[in-house]
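> please work out how this folds:
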Amino acid sequence: MNTAALVLFGVWFVVIFVVRSLVQKRDTGDSGIRPGAFAADASIVERVAYVLLLVAFAGAVGAPIAAMAGVEPLWDNDALRWVGVVVAVAGIGLTYAAQVGMGSEWRIGIDRTEVTGLVTSGVFGLVRNPIFTAMIFTAVGFAVMVPNVIAVIAVVCLVVAIEMQVRFVEEPHLRRLHGTGYGQYAAEVGRFVPLIGRAAGARR
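Predicted coordinates:
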């Protein structure tokens, strides 16, 4: 199971970063990769979120390696580990599907000088951040496959990184770009889970 977790993480990383950017480049002439935390005007919150994301990725790789080295699991239930496999595989598919759902508007990172469209259809009509929701879902699957303290820390770091990125970087950016259009969308659609995390201020 430790090897399977490493393989699935590799598949996940290649699919959502490499394959998706190559497909975007083929379809639009633009890879969709933006400087994000490396931009000169990136905020400290954006940079901290990026560091936490790297820690989460390192933890996802480190957890199975630590298990191979003898770190004890928090529980030892083979059936539950297989549930983790199913969750992780589903999470990989959902992450990619959500990326594809953004079409030509898909980006990794923010360029504050760029104007992008607001995607509200498909799965974005259910939650505002389905890619991040699917990423958390995937990380939970990895942690259930290899349930040790490193895996748990990785999930916590990922959740905190995503919360910081969404609440303090991406949502303010979208409000600047789309004004009341985004406000109404945020009032009607949940942040990560349907109906939960809607913007109360703009809700009718």
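
> tell me the confidence at residue 71?
pLDDT recorded at residue 71 is 93.

> any idea how many residues pack against it?
Summarising burial for residue 71: neighbours were counted as other CB atoms under 10 Å, giving 17. In short, each C-beta sits where N, CA and C put it, glycine included.

> which helices and strands sit right next to the helix or strand containing residue 153?
In the assignment (DSSP states H and E), residue 153 maps to helix 149-165. Contact here means 3 or more CB pairs under 8 Å, 6 or more residues apart in numbering; DSSP states H and E; on that basis helix 149-165 packs against helix 44-68, helix 130-145.

> residue contacts, the residue nearest in space to the middle of the chain?
A centroid search over the chain (CA atoms, centre = their mean) returns residue 132, at 3.0 Å, as the residue closest to the centre. For residue 132, the contact set (CB atoms under 8 Å, 6 or more residues apart in numbering) comprises 162, 165, 166, 192.

> 7 Å instead, please
162, 166, 192 (CB atoms under 7 Å, 6 or more residues apart in numbering).

> spatially nearest residue to the first one, not counting backbone neighbours?
Going back to what we said before, that points to residue 162. residue 132 (4.7 Å; CB to CB, 6 or more residues apart in numbering).

> need the pLDDT of the one you found.
Each residue has a pLDDT score; the one for residue 132 is 97.

> with residue 107 instead?
With respect to pLDDT, residue 107 scores 91.

> before we move on, back to that, quick one: which of the contacts of residue 132 is most hemmed in?
Result: residue 162 is most packed of these (other CB under 10 Å), 23 neighbours.

> cool, thanks, signing off.
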